[in-house]
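**Q** Provided below are the primary sequence and the corresponding predicted coordinates.
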Amino acid sequence: MTDKQPEMVLEIVELENGELAIRSAELDAEPMIKIEFSETLRDQLEEQYLDVARVMLTAGIQLAVENGVNLKSRPANDEMLHILH
């Protein structure tokens, strides 16, 4: 018998303040990592800013897991605007 933990499903969301975040797909999960682009960079990247954010957030989670960080979710604030994935 193996000690496999259930797989955690993550999603990338945009918060009301414009920050992009990654969180557990559980309802009301608190963002684990948040990033924010300057308006200038966001304009220059156009729609590609979402791809850049996805890579940055995914890399952050991967590094945290590789370093043994426990990603258990916590209660959230209600800043979520919409899901981007």
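**A** Arrived safely, thanks for sending. Everything quoted here is computed from the prediction, not taken from an experiment. Residues are numbered from 1 along each chain as shown.

**Q** from here on, contacts and neighbour counts on C-alpha atoms
**A** OK.

**Q** just checking, Ser24 touches Val13?
**A** No - using Cα atoms under 8 Å, Ser24 is not in contact with Val13, being 10.2 Å away.

**Q** higher neighbour count, those two?
**A** Val13 (23 against 19; other Cα atoms under 10 Å).

**Q** just checking, what packs against the host helix or strand of that one?
**A** Following DSSP states H and E, one finds Val13 within strand 10-15. For strand 10-15, the elements it packs on are strand 20-24, strand 80-83, judged by 3 or more Cα pairs under 8 Å, 6 or more residues apart in numbering; DSSP states H and E.

**Q** hey, least reliable of the ones you listed by pLDDT?
**A** Mean pLDDT values for the helices and strands packed on strand 10-15 show the minimum at strand 80-83, a mean of 49.

**Q** find the residue at the geometric middle of this structure.
**A** Nearest to the geometric centre of the chain sits Ile22, at 0.9 Å (Cα atoms, centre = their mean).

**Q** name the nearest residue to that one, sequence neighbours excluded.
**A** Distances taken as Cα to Cα, 6 or more residues apart in numbering put Ile12 closest to Ile22, at 4.5 Å, once the chain neighbours are dropped.

**Q** also Lys34?
**A** Ala21 (4.2 Å).

**Q** so that neighbour sits against Ala29, correct?
**A** No - between Ala21 and Ala29 there is no contact under Cα under 8 Å: 11.1 Å.

**Q** and the longest helix along the chain, what does it pack against?
**A** In the chain, with assignment by DSSP state H, the single longest helix is helix 49-66. When contacts are defined as 3+ Cα pairs under 8 Å, 6+ apart, helix 49-66 packs onto strand 20-24, strand 33-35.

**Q** so which of the ones you listed comes closest to Glu66?
**A** strand 33-35 (15.5 Å; Cα to Cα).

**Q** any regions of the chain where pLDDT drops low?
**A** Within the chain, the segments meeting pLDDT under 70 span 1-6, 72-85.
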